[in-house]
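[1] Okay, predicted coordinates and the sequence, questions at the end:
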Amino acid sequence: MALFPAFAGIGEAPNSGSARKELDWLSNPSFCAGAVTSLSQQPEEATALVSEGSSPTRSPLKSETSDESDANRKPRQTSRKKKKEKKKKRKHHHKKTKRKRGQASSSGSEPDSEPEKDKTSRSTGDSRRESEKPRQESHAAADVGHRFVWLEDVQALTGETFRTDKKPDPANWEYKSLYRGDIARYKRKGDSCLGINPKKQCISWEGASTEKKHSHKHVERYFTKKSVGLMNIDGVAVGSKTEPPSSEPLSFIPVKGPDDALPPVTTWLNPLGIYDQSTTQWLQGQGPSEQESKQPDSEMDRESALLKAKVEEFNRRVRESPRDVQLWMAFVAFQDEVMKSPGLYALEEGEPEKRKRSRKLVLDRKLAILERAIESNQSSVELQLAKLELCAEFWEPSALLREWQKLIFVHPNKTALWQKYLLFCQSQFSTFTVTKIHGLYGKCLSTLSAVLDGSILSHPALPGTEEAVFALFLQHCHFLRQAGHSEKAVALFQAMVDFTFFKPDSVKDLPTKGQVEFFEPFWDSGEPRAGEKGARGWRAWMQQQERGGWVVISPDDDDDEPEDEDQEIRDKSLPRWQIWLAAERSRDQRHWRPWRPDKTRKQTEEDCEDPERQVLFDDIAQSLIQLSRPDLQFQLVTAFLQFLGVPCGFSTPASCVYLAMDENSIFDNGLHDEKPLTFLNLSFNGISCVGRSDPLGCRRWTRGHSREGEEFIRNVFHLVMPLFSGQERSQLCFSWLRYEMAKVIWCLHTKNKKRLKSQGKNCKKLAKNLLKEPENRNDFCLWKQYAHLEWLLGNTEDARKVFDTALSLAGGGEPTGSELWELGLLYAQLELELELELTADLRGATAARAVHVLTRLTENGPYGPYSGPVSAVHVLKARKAYEHALQDCLGQSCGSAPAPAGPARRLASLAKCFLLFQYVTVGIEAAVRLYEQVCAGLRGSVCPGGALEAVTLLHTGLLRFHTRVHVYPLAPLRQALSEAIQLYPDSQLLWRAYIQVQSKSHAASKTRRFFDAITRSAKALEPWLFAIEAEKMRKRLVETVQRVDGREVHATIPETGLAHRIRALFESTLQSDHGRLCPLLWRMYLNFLVSLGNKERSKGVFYKALQNCPWAKALYLDAVEHFPEEMQEVLDLMTEKELRVRLPLEELALLLED
């Protein structure tokens, strides 16, 4: 329709396309000719106005043929046309709106043909505009207006009306679906479909659910950052107004805030008294005062003012006392509390309090305070260490290493500084190699030895330096063992035995460096060393050299037989990684001794198949130290024996105990369940012996070494036992016999009767030989072990004869030492444990024998064998004797001076005998009351802590025994263990008993609360380890209920998130320094994740473990076992870090070919 409808019918010139295009704006497609009839009466001047501007106007209604020809014609691209087109689009949009409004208000007499013409003209215009675009654009977009015909515009609507689109759309082939704009919108009512059988058929709708989405505010959970921040803000104090009590019952008790103390005053603006003060002021047209305007922020202002006062107080105190190191450290720790406060140190005014504080901001503030502190305390190592630990979070490792080196250069006599420096270098994966760390340990020990000698005049030796140097030496040996270089660690111990006990008198006055130079010829001479047959020591070799050399003695032919080595590859059909692991562990077990050429067989150094097995003097020269104190010298021997696997009771120094932990023997109970009173505690503390690299799941039993290894241990005992006397020699003999007994217990556990017979025979022979020595004839410890051995082998009558013989050796009178009390205690416990194997009617005889033993210990006459039940008079006399003896011991321990170890052990042994006596004569209640009395006396005394721990262990064992033979609640046992653990949170024996008791309970809440309370306060790692083990035991219990035949899992009991809890415990434990550097913890974490089947996460944990413990070979072996496809990569890492690989893959390939 033309803009002037009265003259729309004027004909157009045939060749006026361009003119029509320019006057296209004159057309009015929204106008209907039938609506206003008066337009036909317009004067002729309208036509003149149109003809003056250009050629005759075209008709807006265009045929389809002309439209197609016009679309194929190439348009002229000018800026003028673009501007007109934009203007025309805006006009069309405006006119379209008017047309819609006009249609709504028009009458019903409007012809039906006009809307169709409007639609056609509009489609024609759109098609013409689309044809003017370049041909590179999509054809579907160009003809969008031409293809659509709306069903509402068709005049005759029939029952079957279709829309036909004959032009293909290439986008359907490209996108494999229709354009979403071409699909009519609809709403689905429900998820079903009419016409289908709901029992056999269903439809899965891929779109969004038809459920109505309610727009509700997301509820913040308690663990979100916003909620945690709200927990740090102090709440508003509320309280109830104190009113006199009323006799009438109240419907409710109102809780009023601090502002509601006074009721509002009734005025003409507040006649009912329901408006608060701010509303009343608003009604009066007044605003709040300046102080009242700040009322909502009063709590925040109060908190900020308090913190500002604390900051000012700290600043004042450090100005007045700049030498107070602890004050500076407290100021540094206070910064965490300051940064948690809202609004105190906002960077900008009006900054939102919810803004996340950057951790770097806190670190920068702490670093600035530490630098100020160091300026005032140049010699403070604690401040320097705090600064380096702080800078480790955002400094580069190279810069941090330079700072460490500067600090070590300034303070070479600080052993704590050396300890931290070695741990830092040892845990840096990027720069770690075994050779480099081995050299650092040598430099550390040689420097500290020079400090002890006085060679470094500028830095004198500090108190406790010798003990710290010995601890660093042990840490060095365990580092070499864990890295796979067992030969070097054993060679270090061998050299230290000669260097300490067999030093020639002519070199004792020289400094350590000079003594080491004299020691080199002996080491390279090829003479037998400690542990080798024929070893006589450095002193004897020096004396013989001065006389002209050794006299060569031809060895026996029987001893020249080489050991038959086991076949390394027994089954070649196994996977390659299993063959490598078995062969590698086999060589670790057999080749832990340094290889030396046997001169009797004319061997040379070239005959060694593996050059790494040879230890040169340069490998150990820097690590040799002097030990002048006798107690440290004895500790060196016991540490060497425990390093070889002999349970000597040596406690690894606290500075390196968690570094050396690499096996889960701390969770093994041995015969703890079978023998609750007399189980053998070997106390390995989770540290594996040399030559052992077993998987983590294997239980730790002392199986012994190979034939050459056992001979090596025997030679060490024969060499060092003559060096000691008295209690120390007795302890060595006791350790040797207990080592042989441990192998007997392993044979009993494995039910290997053939080996049990031979091992029992060898052990009895050793015990008799030791007791034949004059120094050991009255050694009750050896008698006790020998009798216990006979009892374990099943020779009960022979064991009783040994016990009676040993007790008769003591003569009459009350025992003065703890050994005789322990001997009688073990005798009574073994007799009492026979009740576990007997029926109820036969248990009285065993209890009578126990009463007889415990009663005769207190009598003055000589001991006699059991002849019958003890009379009541003798029982009363024995009880009185126990009470008087216990009171005397407790009175001595309550003095002001610390009690020596001897009386403390006697007190513990006496208390244990009295506890057992009360149990077998009165009952368990009397034993519990006596235990409470003893604990109360020991807690207020100055006795060593081992006394109370030993009494608690016996008490818990007694309660465990009683629950097995009688019905008795577990509450007293739990309470006793909980109280003892709070005193000794690092006692592995107490924790082991605690988790065994708690594993029988299905309620884990009390156990978890107890573990949480202990881990918050204790710095030891044992509470965390046993908390993890307790949760794993619970998970195994749940899985045994759910699992049938070890395969299918039936969800009868929910898991209750145990896997997530265990993982969270692992992550929390690894946050501490002890946990981060503990190989055992990483091995447990890796093994747990693999058991869950999460392989990718397990690999991430493995590489994270290498970042912290790159020296632990056990981690690499676990990775080969858990990720066999990564074996080549793991072995390449081991080779790069210089860890010991005893079987290279090239050699394995050759062995498989053979």
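    Good, I have the coordinates.
[2] Tell me the spacing between residue 623 and residue 485.
    13 Å (Cβ to Cβ, to the nearest Å). (Each C-beta comes from the backbone N, C-alpha and C, glycine too.)
[3] sorry, that was for residue 1026
    For residue 1026, the distance to residue 485 - Cβ to Cβ - is 32 Å.
[4] any idea which element residue 184 lies in?
    Residue 184 belongs to no helix or strand when assigned by DSSP states H and E.
[5] Tell me how many other residues surround it.
    As a burial measure, residue 184 scores 4 neighbours (other Cβ atoms under 10 Å).
[6] All the helices of the stretch 251-400 of the chain, residue numbers only.
    Applying DSSP state H, counting those that start in this stretch to the stretch 251-400 of the chain gives helices spanning 277-283, 290-293, 298-320, 325-340, 359-376, 381-391, 397-410.
[7] wait, residue 430 sits on residue 397?
    Yes. Counting by Cβ atoms under 8 Å, residue 397 is a contact partner of residue 430 at 6.4 Å.
[8] okay, the two: which has more neighbours?
    Legend: neighbour count by other Cβ under 10 Å for residue 430 and residue 397, higher for residue 397 (14 against 8).
[9] Specify the local secondary structure of the nearest residue to that one once chain neighbours are set aside.
    Spatially, and ignoring its direct neighbours in sequence, residue 397 is nearest to residue 428 (5.9 Å; Cβ to Cβ, 6 or more residues apart in numbering). Following DSSP: H, G, I helix; E, B strand; the rest coil, the label given to residue 428 is coil.
[10] Need phi/psi at residue 428.
    Backbone torsions of residue 428, given as degrees, to the nearest 10, read phi -90, psi 100.
[11] Residue 630 now?
    Dihedral pair for residue 630: phi -60, psi -40, per degrees, to the nearest 10.
[12] Next, count neighbours for it.
    Residue 630: 10 neighbours (other Cβ under 10 Å).
[13] Please report the distance of it from residue 501.
    Counting by Cβ to Cβ, the gap from residue 630 to residue 501 is 11 Å.
[14] wait, doesn't residue 605 sit right on residue 599?
    No. With contact defined as Cβ under 8 Å, residue 605 and residue 599 do not form a contacting pair (11.7 Å).
[15] do you know which of the helices of the stretch 251-400 of the chain lies nearest residue 652?
    Among these, helix 381-391 comes nearest to residue 652, with 22.9 Å by Cβ to Cβ.
[16] Packing partners of the closest one?
    Contacts defined by 3 or more Cβ pairs under 8 Å, 6 or more residues apart in numbering; DSSP states H and E place helix 381-391 against helix 325-340, helix 359-376, helix 397-410, helix 415-426.
[17] which of those is buried the deepest?
    helix 415-426 (a mean of 19; mean count of other Cβ atoms under 10 Å).
[18] got a list of contacts for whatever helix or strand comes next after that one?
    Per DSSP H and E, the first helix or strand lying C-terminal to helix 415-426 is helix 434-453. Contacts with helix 434-453, where a contact means Cβ atoms under 8 Å, 6 or more residues apart in numbering, come from 412-413, 415, 418, 421-422, 425-426, 456, 459-461, 465-466, 468-469, 472-473, 475-476, 479-480, 483, 485, 488, 511-513, 619, 621-626, 1111, 1137-1139.
[19] Let's see that with 7 Å instead.
    412-413, 415, 418, 422, 425-426, 456, 459, 461, 465-466, 469, 472-473, 476, 479, 483, 485, 511-512, 622-623, 625-626, 1111, 1137-1139 (Cβ atoms under 7 Å, 6 or more residues apart in numbering).
[20] Please indicate which of these are buried?
    Buried residues within the contacts of helix 434-453, counting neighbours by 16 or more other Cβ atoms under 10 Å: 412-413, 415, 418, 422, 425-426, 461, 465-466, 469, 472-473, 476, 479, 483, 485, 512, 622-623, 625-626, 1111, 1137-1139.
[21] Just those residues: which are in strands?
    Among those, no residue falls in strands (DSSP state E).
[22] how deep is the closest residue to residue 994 other than its chain neighbours tucked in, by neighbour count?
    Leaving aside its chain neighbours, residue 994 sits nearest to residue 977 (4.5 Å; criterion: Cβ to Cβ, 6+ apart). Neighbourhood size, residue 977 [other Cβ under 10 Å]: 25.
[23] ok, now residue 193?
    By other Cβ under 10 Å, neighbour count at residue 193 equals 12.
[24] do the same with residue 653
    Residue 653 has 17 nearby residues by other Cβ under 10 Å.
[25] which residues does it contact?
    Residue 653 sits next to 471, 474 when contact means Cβ under 7 Å, 6+ apart.
[26] what do you get if the cut-off is 8 Å, keeping everything else the same?
    Taking Cβ under 8 Å, 6+ apart, one finds 467, 470-471, 474-475 in contact with residue 653.
[27] For those residues, which entry has the maximal number of neighbours?
    Ranked by neighbour count (other Cβ under 10 Å), these have residue 474 at the top, with 24 neighbours.
[28] mean confidence score for stretch 164-183?
    Averaged over stretch 164-183, pLDDT sits at 77.
[29] Ends of it, what's the gap?
    With Cα to Cα, to the nearest Å as the measure, stretch 164-183 spans 15 Å from end to end.
[30] for stretch 977-994, same thing?
    6 Å.
[31] Next: stretch 610-624.
    End-to-end distance (Cα to Cα), stretch 610-624: 25 Å.
[32] So what touches it?
    Residues contacting stretch 610-624 (Cβ under 8 Å, 6+ apart): 438-439, 441-443, 445-446, 449, 473, 476, 485, 487-488, 491-492, 495-496, 499, 512, 515-516, 519-520, 523-524, 591, 594-596, 605, 608, 1140, 1142.
[33] buried set for that stretch?
    Quick answer for stretch 610-624 (16+ other Cβ under 10 Å): 613, 615, 617, 619-624.
[34] What's the mean pLDDT across it?
    91.
[35] cool, stretch 787-798 as well?
    92.
[36] Just the C-alphas of that stretch, formatted as CSV.
    C-alpha atoms of stretch 787-798 as CSV (Å, rounded to 0.1, in the frame of the first residue of the first chain):
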residue,chain,number,x,y,z
ALA,A,787,61.4,-70.8,81.5
HIS,A,788,59.1,-68.9,79.1
LEU,A,789,60.7,-70.6,76.1
GLU,A,790,60.0,-74.0,77.6
TRP,A,791,56.4,-73.0,78.3
LEU,A,792,56.0,-71.8,74.6
LEU,A,793,57.3,-75.1,73.3
GLY,A,794,54.7,-77.0,75.3
ASN,A,795,57.0,-78.3,78.0
THR,A,796,54.9,-77.1,80.9
GLU,A,797,56.4,-79.3,83.6
ASP,A,798,60.0,-78.5,82.5
